[in-house]
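Q: Generate coordinates for the sequence data below:
(chains A, B, C and D)
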Protein chains: 2
Amino acid sequence: MTGLRERKKQQTRQRIAEVAARMFAERGFDAVTVNEIAEAADVAKATLFSYFPTKEALALDGVGGDDLAGIVARRPAGRTPLEALRAHYRAFAAEQGPDTDLDALLARVRVIQDSPVLRDAANSLLYRQRQALAQVLTDEYGPRAAALTAAQIAACLTTLQESYFGHLLSGAGAQDAGRALARDVELAFDLLERGISHLEGR
Amino acid sequence: MTGLRERKKQQTRQRIAEVAARMFAERGFDAVTVNEIAEAADVAKATLFSYFPTKEALALDGVGGDDLAGIVARRPAGRTPLEALRAHYRAFAAEQGPDTDLDALLARVRVIQDSPVLRDAANSLLYRQRQALAQVLTDEYGPRAAALTAAQIAACLTTLQESYFGHLLSGAGAQDAGRALARDVELAFDLLERGISHLEGR
DNA sequence: GCGGAAAACCATACCGAGTTCATTCATGAA
DNA sequence: TTCATGAATGAACTCGGTATGGTTTTCCGC
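A: Sure thing, here's the model as predicted:
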């Protein structure tokens, strides 16, 4: 089924994405024009846009984010949604050792954070996740509380991510950042579970 | 001090904003080009852009949002940040009667919600508020918890706003929407204060 | 009032992102 | 080998936004 045609398409797509990623990392998102990318990847501009709907999509290619709604929906019986999420992120924080291509990931994160357009776009992705999560939580808590808790959870996770990447970008080692993340995960879920009064000792 | 020059500037600016608002309300943000606006307002495109940095700014002119950080910073002594915010929004919900030009406001909200670009831009405004709030809360809770709680609070308030305008846009009367908002405000702040476990009855 | 500086404004050309479309060309199936 | 398909092209186009250089209007010191 995977003929030459398919493979070539894959290759072209990947070549464009790689060239773009490199150029963005070197010069920043805004300083690179799609014309240049197309030229460097040796395709026509129209071809580039047949693979990626926008310049943003090119920079965000493969940026997925976690499937919050899925984690909650597929949780083991007897667990609250929050317990399932806490377990997931606890595990994630624990497995942060000498990682895969951390450099490439960081370069990409830096590119995104440095460009308002991309920051907003990434935000927009999160928005859809939040809605999906709210949908799942509706069974549990009703629509009003579900919308509110989904928003709270999404906000906390974004904050965790920001803080984690912030550590890494400011030169902290992967282990240090991992440890800080582990602490923050617990704090975040304690807050979500018990509320802000938890902080005020009463 | 308010010479002719100033007045004319004001006039021009306002004329542009009004023309734009009308056109956006009639045809939607994306379906109106800045050239059309400039033409209709009888100014050159360059003039338009000397008053408003971007097309977005034109649509969001005057959209401020609340000053969360200020509310917390200026709270009466002996109150927790959350109590201050709850009081503020409780008051806001209560004062929703037969309002000013609700129609104009709603038209604008509709325009914003209908356009992804504007939605993201509005989101971006909130982002800065969240940071300011986190700054203020740092004194109280330390930086890590402050970032998390600020994110939670901002998320809840956004959700309240969405839900409120959602009611209004789907034809609910101002009083009904106000009552629903009042209920949701209490729910939101209960959640923030006592956490999600509050919902699970334990 | 008068003359010149400053500021508002204008027309126009330009740039980059993104779209459209007629055309070319490689592929894979008959 | 032929032929339909669809990937790729290139060029022209729209629209948001910027830059430039020139023209009018307002201001202010004389």
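
Q: Can you give me the distance of the most centrally placed residue in chain A to DNA strand C?
A: By CA atoms, centre = their mean, the mean C-alpha position of chain A lies nearest to A:Gly65, the distance being 3.4 Å. Look at A:Gly65 and DNA strand C: by CB to the nearest atom of the strand, to the nearest Å, they are 21 Å apart. Any C-beta I mention is one placed from the backbone N, CA and C, and that applies to glycine too.

Q: How is that residue assigned, secondary-structure-wise?
A: Local secondary structure at A:Gly65 is given as coil here, using DSSP: H, G, I helix; E, B strand; the rest coil.

Q: Could you list the domains of chain A?
A: For chain A, automatic domain parsing gives the domain ranges A:2-54, A:68-199.

Q: Check what pLDDT the residue nearest to the centre of chain A gets.
A: Listed pLDDT for A:Gly65 reads 82.

Q: ok, so what distance separates it from A:Ile71?
A: Using CB to CB, to the nearest Å, we find A:Gly65 at a distance of 12 Å from A:Ile71.

Q: likewise A:Ala188?
A: For A:Ala188, the distance to A:Ile71 (CB to CB) stands at 15 Å.

Q: Comparing these two, which shows the higher neighbour count?
A: The residue with more neighbours, out of A:Ala188 and A:Ile71, is A:Ala188; 29 against 17, by other CB atoms under 10 Å in any protein chain shown.

Q: coming back round to it: most tightly surrounded among the domains of chain A?
A: Per-stretch averages of neighbours, counted by mean count of other CB atoms under 10 Å in any protein chain shown, single out domain A:68-199 among the domains of chain A, with a mean of 18.

Q: and that one, is it in reach of chain B?
A: Yes: contact between domain A:68-199 and chain B is present through A:80, A:82, A:116, A:119-121, A:123-124, A:127, A:141, A:144-145, A:147-149, A:151-152, A:154-156, A:158-160, A:162-163, A:183-184, A:187-188, A:191-199 (criterion: CB under 8 Å from any CB of the partner chain).

Q: ok now that domain, how far from the chain's centre?
A: Here domain A:68-199 shows a centroid-to-chain-centroid distance of 9 Å under the convention CA atoms, centre = their mean, to the nearest Å.

Q: now the end-to-end length of that domain.
A: End-to-end distance of domain A:68-199 (CA to CA, to the nearest Å): 26 Å.

Q: Could you pull up the contacting residues of A:Pro143?
A: When contacts are counted by CB atoms under 8 Å, 6 or more residues apart in numbering or on different chains, A:Pro143 is found next to A:Ala134.
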